[in-house]
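Visitor: structure, please.
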Amino acid sequence: MMTSAAIRQQYLDFFKSKEHAIVPSAPIVVKNDPTLLFTNAGMNQFKDYFLGNKQAPNKRVADTQKCLRVSGKHNDLEEVGVDTYHHTMFEMLGNWSFGDYFKKEAIAWSWELLTDVYKLDKDRLYVTIFEGDDKEGLPKDEEAYNEWKKVIAEDRILLGNKKDNFWEMGDTGPCGPCTEIHVDCRPDEERKAVNGSTLVNNDHPQVIEIWNNVFIQFNRKKDGSLEELPARHVDTGMGFERLVRVIQQKTSNYDTDVFTGTIEAIEKITKKKYDYSDSKEAVAFRVIADHIRAISFTIADGQLPSNTGAGYVIRRILRRAVRYYYSYLDYKQPLLHQLLPVIAKQFETVFPELTQQLDFVGKVVKEEEDAFLRTVDNGLSMLDQASKNISGEEAFKLYDTFGFPLDLTKLVATEKGLTVDEKGFEAEMQKQKDRSRSAAVLDTEDWITVNDTASSKFIGYDSLETKAKVVKYRKVTGKGKELYQIILDQTPFYAESGGQVGDSGILTIHGSPLTITDTKKENDLIIHFAETIAADMNGEVFAKVDAVRRKDITLHHSVTHLMHAALRSVLGKHVAQKGSLVNEEHLRFDFSHFAKVTDEEIAAVEKLVNEKIRENIPVVIKSMNKDEAVALGAMALFGEKYGDVVRVVIMDENYSIELCGGTHVGSTGELGLFKIKSEGAVAAGVRRIEAVCGKAAENLVNTTFVEMSVISGLLKNPKEISKSIENLQSENASLKKHIEALEARQLVIIRNELLQKDEIINNVTFIGDIIEVSSADALKKLCFDLKSKLNDHVAVLCANIDGKPFVAIGISDTVVVAKNLDAGKIIKEHVAPLIKGGGGGQKNLATAGGQDISNLKGVIEKVKSLL
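Guide: Numbering: from 1, shown residues only. Okay, here's the model as predicted:
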């Protein structure tokens with residue numbers, strides 16, 4: 001049987017023989033594309049070539065691309081693992097032509113590869129072509145039909161509608177007809193009984209699409225109309241996991257060697273056996289085998305789990321895997337991190353970034369698992385206390401606030417004989433989706449072309465002002481705000497990337513100044529953001545960057561390189577950048593390290609950086625071949641995509657060499673002074689430093705000196721400020737102990753007075769009084785104290801503390817049972833409304849605080865009436 005690794009290699013070798021350049025996969029985490037969080041198709045990294053923003057260095061390209069999908073048709077996260085052929089992360093094999101070959105070659109080569117190289121049975125293959133669309137004025141794709149007729153019987157060429165056989169990048173942009181290749185994997189008896197052509201594109205699990213050839217020849221405009229593109233392209237995608245399943249003659253992707261190694265590892269760890277069924281236990285095996293790939297490669301590409309954006313998607317995927325092994329494999333400790341060596345070994349030759357960061361990714365995954373397992377335990381505790389059916393709102397709060405999944409809530413509720421309002425839960429979920437959708441909606445109009453010239457040349461390394469022309473502009477509307485995006489033929493404005501924020505400044509057109517508030521990249525376009533535009537956008541533009549702000553940003557970027565090298569020198573070579581923000585005010589730097597950076601280490605980093613500043617080292621910037629740069633010792637960041645030629649920033653070849661596209665000073669002496677403001681943890685194995693240099697560092701030092709001077713004055717200008725503060729702390733602690741002793745004696749006196757005020761109601765001792773105490777905690781202490789002196793009792797103690805009402809209710813355990821009383825419920829239902837506040841607690845002790853002190857006597861009478 002041909003292995004998956006051999007199948008992948010044969011694909012790449014085949015297209016190499018057809019004069020295609022084999023390129024590496026782009027990172028799975030997308031940068032510089034506001035429309036995407038993750039790479040979700042093989043063509044993403046080539047968008048600029050299709051859009052005409054950039055010239056393709058190679059006319060023919062092939063690769064295998066890491067992709068991630070968790071939404072859209074057939075890609076709902078909750079369905080992955082339930083069926084046998086959809087995944088979160090998957091590999092997309094692809095070959096592309098940028099204005100070179102078209103339908104004839106693409107169709108002939110796909111047939112040759114599938115039938116001559118992979119030896120697929122021609123009798124099991126069907127193809128679809130675009131049938132045309134009268135509404136769009138688009139004819140049937142006769143060219144594709146005629147090419148297919150050369151190799152396959154006409155009754156196996158099926159017509160597909162616009163939904164299935166016309167591909168579009170989005171609401172606007174490049175698009176065109178496509179031809180799909182489907183394979184019928186059913187047993188011969190079934191194939192004889194039902195013709196496979198009737199099952200194509202009908203969601204049959206054994207009649208599946210394996211390859212899509214898209215012929216990009218149109219551009220979809222904002223008004224919905226289509227225009228012919230000047231150059232026609234080919235964009236193909238073949239799902240690797242499906243292809244392997246077909247060649248290895250399996251009925252499920254999970255039965256191929258892409259997944260069997262991982263499933264075997266799960267069997268060893270959990271001591272369970274995978275049985276290939278649709279049982280929850282079998283689904284759990286598939287979910288884990290799928291999800292660990294998505295989790296590990298996104299983290300390796302630089303995306304840490306978090307509560308927002310792409311990080312939240314990864315956290316959801318990880319938590320889904322945890323809940324499956326927790327609930328259905330009865331495994332109650334971290335499992336996923338144990339699988340990472342298996343995944344890293346499997347992909348070490350094709351995607352080596354995981355092997356290179358195995359320890360780091362493992363620690364991140366394990367900490368996420370530990371945290372969520374604690375959450376699951378807390379959620380179970382909350383559900384254990386539930387005594388009534390669980391509303392949709394409560395179930396959604398468990399899900400949204402605590403990450404507690406609905407299926408686990410239902411499982412626990414069923415065990416307790418309770419029900420969950422699933423419709424209510426779905427309604428709350430829909431409300432959240434609607435809120436997210438409305439917040440994210442961005443209405444983008446068509447580009448208005450002013451000058452049809454090459455666009456977006458950046459000249460801002462050498463100049464902060466230039467004459468230019470507007471190439472095109474458009475209006476975008478989002479969150480009730482209108483902005484204009486402007487593209488120039490050349491610009492000194494740096495677009496946000498590599499952690500460095502975008503430039504601001506002024507564009508002057510026909511004497512009218514347009515304030516540029518930000519500059520960003522969209523793929524390879526440099527986009528200037530303005531709140532207004534000129535009446536006439538044609539004509540000469542004078543572009544001028546805010547030089548003072550750019551200088552401060554540049555200082556912080558250059559010092560980030562010095563600090564990165566210093567961290568590696570002081571802490572060790574394991575330190576690697578995991579995130580960065582560089583602006584005019586400060587720098588923020590995230591890096592891999594598994595312990596708190598000590599005060600001594602921070603001092604050593606500061607000392608080394610400031611030494612390098614005083615050495616006034618020339619900052620040398622060179623462009624060179626990437627392999628040459630790496631050989632020189634340049635640090636490349638995981639999750640970044642680099643071209644063949646890279647920009648290398650050198651600050652002493654023996655100290656700091658990094659690949660970087662940012663702006664930098666001429667020599668390190670310009671940085672002045674460096675100072676670290678703070679250090680802390682942001683995720684498992686990731687620390688964060690915030691620091692300043694130049695004027696910002698000077699301001700920090702001056703502010704600190706002023707604060708120290710004020711503190712010294714308040715302490716009567718002692719010789720040693722720290723010793724004076726220690727003496728104050730010691731004196732304060734001594735006084736606190738003295739006050740606590742006095743309060744304890746006072747509470748004994750109050751308790752004895754309360755014991756004299758008891759009354760018997762229905763065989764229960766009742767004490768209710770408004771007392772004078774200094775804290776709400778004293779009320780609780782008195783309730784505990786009374787419990788040791790009384791048997792069957794209810795105590796209601798109220799106090800006015802600094803103008804706010806506080807209440808504590810203590811009930812003996814015998815009365816809780818005999819009278820069916822619950823202190824927590826009494827507080828919530830009877831006390832809180834009277835004092836306009838809130839609170840809660842256990843059945844035998846609960847407290848409340850509020851705003852209205854006028855009803856404290858009413859509180860005592862209300863509780864008394866319950867007896």
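
Visitor: and the host helix or strand of residue 744, what does it pack against?
Guide: According to DSSP states H and E, residue 744 maps onto helix 721-755. When contacts are defined as 3 or more CB pairs under 8 Å, 6 or more residues apart in numbering; DSSP states H and E, helix 721-755 packs onto helix 695-714, strand 764-770, helix 776-789. For every residue, glycine as well, the C-beta is placed using N, CA and C.

Visitor: tell me the first helix or strand C-terminal of that helix.
Guide: That would be, after helix 721-755 and using DSSP H and E, strand 759-761.

Visitor: residues contacting residue 140?
Guide: Neighbour list for residue 140: 129-132, 159 [criterion: CB atoms under 8 Å, 6 or more residues apart in numbering].

Visitor: report the inter-axis angle for the helix holding residue 744 versus strand 764-770.
Guide: 130 degrees (axes from the mean of the first three to the mean of the last three CA atoms, to 10 degrees).

Visitor: out of the helices and strands packed on helix 721-755, the one nearest residue 309 is which?
Guide: For the helices and strands packed on helix 721-755, the distance to residue 309 is smallest for helix 695-714, at 28.2 Å, taking CB to CB.

Visitor: next, the buried residues of that closest one.
Guide: Along helix 695-714, these residues count as buried under the neighbour rule (16 or more other CB atoms under 10 Å): 696-697, 700.

Visitor: got the CA positions of stretch 406-419 in CSV?
Guide: Only the C-alpha atoms of stretch 406-419 are listed here, as CSV (Å, rounded to 0.1, in the frame of the first residue of the first chain):
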residue,chain,number,x,y,z
LEU,A,406,-23.8,22.1,26.2
ASP,A,407,-23.4,18.3,25.7
LEU,A,408,-21.5,18.0,29.0
THR,A,409,-24.3,20.1,30.7
LYS,A,410,-26.9,17.7,29.2
LEU,A,411,-25.0,14.6,30.3
VAL,A,412,-24.7,15.8,33.9
ALA,A,413,-28.3,17.0,33.9
THR,A,414,-29.6,13.6,32.6
GLU,A,415,-27.7,11.8,35.4
LYS,A,416,-29.4,14.1,37.9
GLY,A,417,-32.8,13.6,36.3
LEU,A,418,-33.0,17.2,35.1
THR,A,419,-33.6,18.7,31.7
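
Visitor: could you measure the residue of the chain positioned farthest from its centre against residue 794, distance?
Guide: What lies farthest from the middle of the chain is residue 756; by CA atoms, centre = their mean that is 62.5 Å. Using CB to CB, to the nearest Å, residue 756 is found at 17 Å from residue 794.

Visitor: on that earlier part again, could the buried residues of helix 695-714 go into TSV alongside distance to residue 818?
Guide: What follows is the buried residues of helix 695-714, written out as TSV (distance: CB to CB, whole Å):
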residue	distance to residue 818
696	68
697	70
700	65
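
Visitor: now for the host helix or strand of residue 245, which elements pack on it?
Guide: Assessed by DSSP H and E, residue 245 sits inside helix 240-247. Applying 3+ CB pairs under 8 Å, 6+ apart, we find helix 240-247 packed against helix 4-17, strand 89-98, strand 207-220.

Visitor: and the second one, which strands flank it?
Guide: According to DSSP bridges, the neighbouring strands of strand 89-98, each with its direction, are strand 60-68 (antiparallel), strand 226-239 (antiparallel).

Visitor: same question for the last one.
Guide: For strand 207-220, the pairing partners within the sheet under DSSP bridges are strand 173-184 (antiparallel), strand 226-239 (antiparallel).

Visitor: out of those, deepest packed?
Guide: Most buried of those by mean neighbour count (mean count of other CB atoms under 10 Å) is strand 173-184; its value is a mean of 23.

Visitor: got the angle for that one vs helix 240-247?
Guide: Interaxial angle of strand 173-184 relative to helix 240-247 (the same axes, to 10 degrees): 20 degrees.

Visitor: show me what counts as buried in the next helix or strand after strand 173-184.
Guide: Counting by DSSP H and E, the element after strand 173-184 in chain order, helix or strand, is helix 188-193. Of all the residues in helix 188-193, those buried under the rule 16+ other CB under 10 Å are residue 191.

Visitor: how far off helix 776-789 does the helix holding residue 744 point, in degrees?
Guide: Orientation of helix 721-755 against helix 776-789 (the same axes, to 10 degrees) gives an angle of 40 degrees.

Visitor: is it true that residue 647 lies in a helix?
Guide: No. Counting by DSSP: H, G, I helix; E, B strand; the rest coil, residue 647 is not part of a helix but strand.

Visitor: now do the same contact list for it.
Guide: Residues in contact with residue 647 (CB under 8 Å, 6+ apart) are 621-623, 659-661.

Visitor: for the stretch 351-500 of the chain, which segments count as strands?
Guide: All strands of the stretch 351-500 of the chain, identified by DSSP state E, counting those that start in this stretch, fall at 442-444, 448-449, 457-458, 465-478, 481-488, 490-491.

Visitor: would TSV of those strands with mean neighbour count and mean pLDDT be doable?
Guide: Formatted as TSV, the strands of the stretch 351-500 of the chain follow (neighbours: other CB atoms under 10 Å; pLDDT from 0 to 100):
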stretch	mean neighbour count	mean pLDDT
strand 442-444	13	77
strand 448-449	13	90
strand 457-458	14	92
strand 465-478	18	92
strand 481-488	19	93
strand 490-491	24	95
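
Visitor: format these as TSV; extra columns: distance to residue 553.
Guide: What follows is the strands of the stretch 351-500 of the chain, written out as TSV (distance: least, CB to CB, whole Å):
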stretch	distance to residue 553
strand 442-444	26
strand 448-449	31
strand 457-458	15
strand 465-478	17
strand 481-488	20
strand 490-491	16
